[in-house]
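>>> When you get a sec, could you give me coordinates for this:
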Amino acid sequence: MKKRIPALLLALSLVLAAPALTSPALAASDSTDNFVRIHAYAGQFSDLTTASVFYDNVAALYEYGLSLGKADGTYGVKDSLTVGQAVIFAGRIRSLYRTGDPEQGPAAYRTGAGPAALPYLLYLQAEGALDTALDDHLAETATRAQMAHVLANVLPEEALPPVHDALVAESYATRRFITDVTEYTPYYQDILSLYRKGVCVGSDGTGSFLPDAAITRGAAAAMLTRMVDPALRTAPRWDLSGAYSAKGTTLADLIAPGTYIPAPATAEEMDESVRYMLSGGASQLTLHYPGISAVRAHQVMELALSTVKTYCEQSYNNVSCSFSPLGTVILTFSAASTEGRLTEYRAAAMDAAIAVHDRLWESGQITAGMTELEKARVYYTWVCDNCVYDYAAGDDSISHIAYSLFQNGSAVCDGYTGAYNLLLKLEGIDCTALSNDSHIWTVATLDGTEYHIDTTWGDSGSSISYAFFAMTEEQSRLYHNW
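Predicted coordinates:
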């Protein structure tokens, strides 16, 4: 044992008299059956009123034989707790679970010297339930984060199961709840563990933990008794509906802003200018090529069209070009067979995609704990389940844009890919479209790895084929040439 533990005595009023710490008549080893109320609370603490938010917890702490309170007949509901006192309580709970006696475990380490908390500390450390991080802080006022660290591993998972895993994970991931706890908060994993187990629910409607605040004896009683009594455990009442809603997102929001380049000469430069246009919500791009010829104008137009098709969720698949002798080139993007209704169709596709996104979250088919690969598979399944290939579509069919998939349940490859990419981008997943002379499919970065995904071919049989989901480039080349 480290020698640096200060030999400070904790207040004797916090050490329970041995006769009071009785145990169940038939104690078991490693059993929650040892958590039995062996006393009857009848107003033993003069400062505890039924109006106290911690009344049930403090009374239960007494009834379970875990505290007799202070020598003056009070419990000290609003008083702070030291780290050492937190360790004493934790040691008693561990020993009661393991042996049926709250003092039997620590008794083996009691020498009569050192702080009152020392036997409990040594016992917890010997049991592997506590590390040495707080050895030098026993006499200090405990923070709520330190309290969480002391309690986190006192009981094994079978005795204190994480019953709110999914809710806490999603609530924390959205940063709408437990917002004062981050990965930089001391013992943040221990704090979240107490939420998952129903030991904590936070101090306000957003589940704030107040990790740096001093823990009061009343709040400590709540945590301690929830550990031993399932009936006292708490469940967060957090409303996550709308937490993941994509409402209000626009097509322009899905494009990383580009830098306007007046005379793009490469595919990379054209991509910058096209993204500049799309992120601004425009459908027209004005470029400047002094002395441009008709041949060069056609080349610029083709480059712009191939670039905009990589953002097929935007529903542009046509481009017209006009240019002047002075070199001004105006590119206007549209889609075939929309008859002036493209703005309406784009808005409707966006609304439909948002509705699908929100519905999948609300139904629990997509959760915050899922990887990007898992989320992308859910959307892949949805697209394949909700569309059929339009074999009658011509070059000017509306089936070439995402709107048709959402509105009509039919599409061809660029409609499939546009709708799928739209859903992925609403999820914040980086993706683009890759095409050859006759086909187009998705390339997405999922959890840091690039994959090829072909929803069209995934939906080409009587059932969904996942052979075309999350292909490596090598696998994709078995089916696609580019």
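>>> Looking at the chain, which helix is longest?
Using DSSP state H, we find that the single longest helix of the chain is helix 342-362.
>>> Please verify my assumption that residue 131 contacts residue 125.
Yes: taking contacts as CB atoms under 8 Å, residue 131 lies within contact range of residue 125: 7.3 Å. (Glycine included, C-beta is placed from N, CA and C.)
>>> now this protein, which segments are flagged as low pLDDT?
1-26, 241 (pLDDT under 70).
>>> Relative to the centre of it, find the outermost residue for me.
residue 325 (56.0 Å; CA atoms, centre = their mean).
>>> Now residue 168: which helix or strand?
Assigned by DSSP states H and E, residue 168 belongs to helix 165-173.
>>> That helix packs against which elements?
When contacts are defined as 3 or more CB pairs under 8 Å, 6 or more residues apart in numbering; DSSP states H and E, helix 165-173 packs onto helix 188-196.
>>> Report the angle between the helix it packs on and helix 165-173.
Using axes from the mean of the first three to the mean of the last three CA atoms, to 10 degrees, the inter-axis angle of helix 188-196 relative to helix 165-173 is 130 degrees.
>>> can you give me the end-to-end distance of stretch 58-75?
8 Å (CA to CA, to the nearest Å).
>>> quick one: buried residues of that stretch?
Of the residues in stretch 58-75, 58-70, 74-75 count as buried by neighbour count, 16 or more other CB atoms under 10 Å.
>>> how distant is that stretch from the center of its chain?
What separates the centre of stretch 58-75 from the centre of its chain is 39 Å, taken as CA atoms, centre = their mean, to the nearest Å.
>>> Please shift the residue numbers so they start at 332 in all later answers.
Understood, numbering begins at 332; the last thing we discussed is stretch 389-406.
>>> Could you verify my assumption that residue 452 touches residue 422?
Yes: Residue 452 lies in contact with residue 422 (CB under 8 Å); the separation is 7.3 Å.
>>> Pull the contacting residues for residue 387.
556, 563 (CB atoms under 8 Å, 6 or more residues apart in numbering).
>>> so how far is residue 562 from it?
Taking CB to CB, to the nearest Å as the measure, residue 387 falls 10 Å from residue 562.
>>> Now do the helices in the stretch 632-781 of the chain.
Remark: helices assigned in the stretch 632-781 of the chain by DSSP state H, counting those that start in this stretch are 673-693, 703-716, 733-739, 744-757.
>>> Can you point out the buried residues in the longest one?
With burial defined by 16+ other CB under 10 Å, the residues of helix 673-693 counted as buried are 673, 676-677, 680-681, 683-685, 687-689, 691-692.
>>> one step back: more neighbours: residue 462 and residue 456, which one.
residue 456 (18 against 11; other CB atoms under 10 Å).
>>> Where does the more buried one fall, secondary structure wise?
Counting by DSSP H and E, residue 456 is found in helix 449-457.
>>> downstream neighbour of that helix in the secondary structure list?
Immediately after helix 449-457, counting by DSSP H and E, sits helix 475-482.
>>> and that next one, what other elements does it pack with?
Packed next to helix 475-482, using 3+ CB pairs under 8 Å, 6+ apart, are helix 414-430, helix 519-527, helix 548-559.
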